[in-house]
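Undergrad: Need a 3D model of the following:
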Amino acid sequence: MWGAAYNSGEDRLFTSKLNAKDGAIYVFKGLSTIDVSSSPDSSARIQPFQTLSIADASNLRGLFFDSVKNVLAVADFADGTTEGSGRILVFDNFTNTIGTAGGPSEITPSRIITGLATGLTQPVDVAIDTRETGVYLYAADRQARKIFRFKLTDSGNVEPDKVLETGSQIPVGLALDTRDDSTLPQ
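TA: Numbers count the residues shown, from 1 in each chain. Here you go, the predicted structure:
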């Protein structure tokens, strides 16, 4: 596993399955109610509730779930050496798509951001602006040594809205502070 995102409203954890031949999303359910061992290490054994295969996914890494917009974004860096081969897979209405046990075992992205214009080579993490008014998706690319900003509605071979060059620093993760009045409890 690489990335992880928690959906507290439904007590589900989503993680990316690393495997160059059959990338997938693991869905764990009810983690907050699992009994923990009384041994000193406080461990628990967990198994995925669902495994959601993604056709043609080859090198899944970071993922981000936006519960406000119900969107999951996943970084996939294919061969990791060819500029433009990296991909951001976007799944709209994600929790409605995955359903319950016995639901789909394969999911298809609503949109894929990829191609030479994107500059993506080895995206390893993604983040979405979770504000109700948020319109951006960010991708950290360790090979390009850049942070790319795309519109959440982007698809295909599109240029990023903005690019942050990290110089000699290699980005391997992202975190956004998207708090504003729209995120405060009413």
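Undergrad: from here on, contacts and neighbour counts on C-alpha atoms
TA: Fine.
Undergrad: what ranges of the protein fall below the confidence cut-off?
TA: 19-20, 37-39, 41-42, 99-104, 182-186 (pLDDT under 70).
Undergrad: For it, which segments are assigned as helices?
TA: For the chain, the helices defined by DSSP state H occupy 94-98.
Undergrad: which stretches of it form strands?
TA: Here the chain has its strands, by DSSP state E, at 4-7, 12-17, 24-29, 50-54, 60-66, 71-76, 87-91, 106-107, 111-114, 123-128, 136-141, 146-151, 162-165.
Undergrad: Is it possible to get these out as a markdown table so that each row also shows distance to Thr178?
TA: Shown next, in a markdown table, are these (distance: least, C-alpha to C-alpha, whole Å):
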| stretch | distance to Thr178 |
| --- | --- |
| strand 4-7 | 16 |
| strand 12-17 | 21 |
| strand 24-29 | 25 |
| strand 50-54 | 29 |
| strand 60-66 | 11 |
| strand 71-76 | 16 |
| strand 87-91 | 20 |
| strand 106-107 | 28 |
| strand 111-114 | 23 |
| strand 123-128 | 9 |
| strand 136-141 | 11 |
| strand 146-151 | 15 |
| strand 162-165 | 18 |
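Undergrad: Tell me which of those strands sits nearest to Ser43.
TA: Closest of the strands of the chain to Ser43 is strand 24-29, at 15.8 Å (criterion: C-alpha to C-alpha).
Undergrad: coming back round to it: among the strands of the chain, which is the most enclosed?
TA: Greatest average neighbour count among the strands of the chain goes to strand 123-128 (a mean of 29), per mean count of other C-alpha atoms under 10 Å.
Undergrad: which residues touch it?
TA: For strand 123-128, the external contacting residues (C-alpha atoms under 8 Å, 6 or more residues apart in numbering) are 3, 60-66, 73-77, 86-88, 134, 136-143, 152, 172-176.
Undergrad: Ok, stretch 81-101 next?
TA: The contact list for stretch 81-101, computed with C-alpha under 8 Å, 6+ apart, reads 49-50, 52, 69-80, 104, 107-123, 126, 139, 143.
Undergrad: Could you check how far the residue nearest to the spatial centre of the chain is from Arg145?
TA: Centroid check for the chain by C-alpha atoms, centre = their mean gives Leu63 as the closest residue, at 1.7 Å. From Leu63 over to Arg145 the distance is 18 Å, taken as C-alpha to C-alpha, to the nearest Å.
Undergrad: just Pro40 next, same as before
TA: 41 Å.
Undergrad: And these two? Which one has more around it.
TA: Just comparing Pro40 and Arg145: by other C-alpha atoms under 10 Å the higher neighbour count belongs to Arg145, 20 against 6.
Undergrad: what residues are up against the more buried one?
TA: The contact partners of Arg145, by C-alpha under 8 Å, 6+ apart, come to 165-171.
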